[in-house]
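Asker: fold the following and give me the result.
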Amino acid sequence: MINSKIKTLNEIIKIVEKPKNKNKKIVTTNGVFDIIHAGHVQYLEEAKKLGDVLVVGVNTDKSVKLNKGDKRPINDEKSRTSVIAAFESVDYVFLFDEKDPRDWLNKIKPNVHVKAGDYKLSQIIEKEIVEKNGGRIVIAKAEKKHSTSRIINKILSTYKKQ
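Answerer: Numbering: from 1, shown residues only. Below is the predicted model of the structure:
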């Protein structure tokens, strides 16, 4: 079942047409999802509540390196997409290679695009393209205590002492 949720962008574009034609809401979000934590779980569950079909774009290893540097990701793209596909709240997952999601958002044209709560509306580069296509941006609630970088730093400091 997990593998049946992992698609290409072209497959996603075709898949979402059917629910769109039935007036179902398509929700998208994106991210690296490198080391999964409770914040990711809450975020994806919150995103799913905003519509009928939740599509998650996961950055490829190449695009993660562009955005986060050569030391990331910790987990490879195949592992990260498999973990995201395992969530009950997620309907479909695909990999994207670009530095940002604007190109594929222009193709999927979601009703709602969700961003993590650590963003301000003025920082969201996707806003213009989503709104141009009739969608809206929603900023999810975020608990500051959850962060992949924080987990990495905790591991490093804990095991550096040994």
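Asker: spatially central, which residue of the protein would that be?
Answerer: Asn30 (2.1 Å; C-alpha atoms, centre = their mean).
Asker: any idea how far Asn23 is from that residue?
Answerer: Distance, Asn30 to Asn23, by C-beta to C-beta, to the nearest Å: 24 Å. All C-beta spots, glycine's among them, are computed from the backbone N, C-alpha and C.
Asker: Val58 too?
Answerer: Applying C-beta to C-beta, the value for Val58 to Asn23 is 27 Å.
Asker: in terms of neighbours, single out the busier of those two.
Answerer: Using other C-beta atoms under 10 Å as the criterion, Val58 and Asn23 rank with Val58 on top: 25 against 8.
Asker: so the more buried one belongs to a helix, correct?
Answerer: No - the assignment for Val58 (DSSP: H, G, I helix; E, B strand; the rest coil) gives strand, which keeps it out of a helix.
Asker: my guess is it contacts Arg80. True?
Answerer: Yes - because the distance of 5.5 Å satisfies C-beta atoms under 8 Å, Val58 is recorded as touching Arg80.
Asker: what touches both of these two?
Answerer: Val32, Phe33 (C-beta atoms under 8 Å, 6 or more residues apart in numbering).
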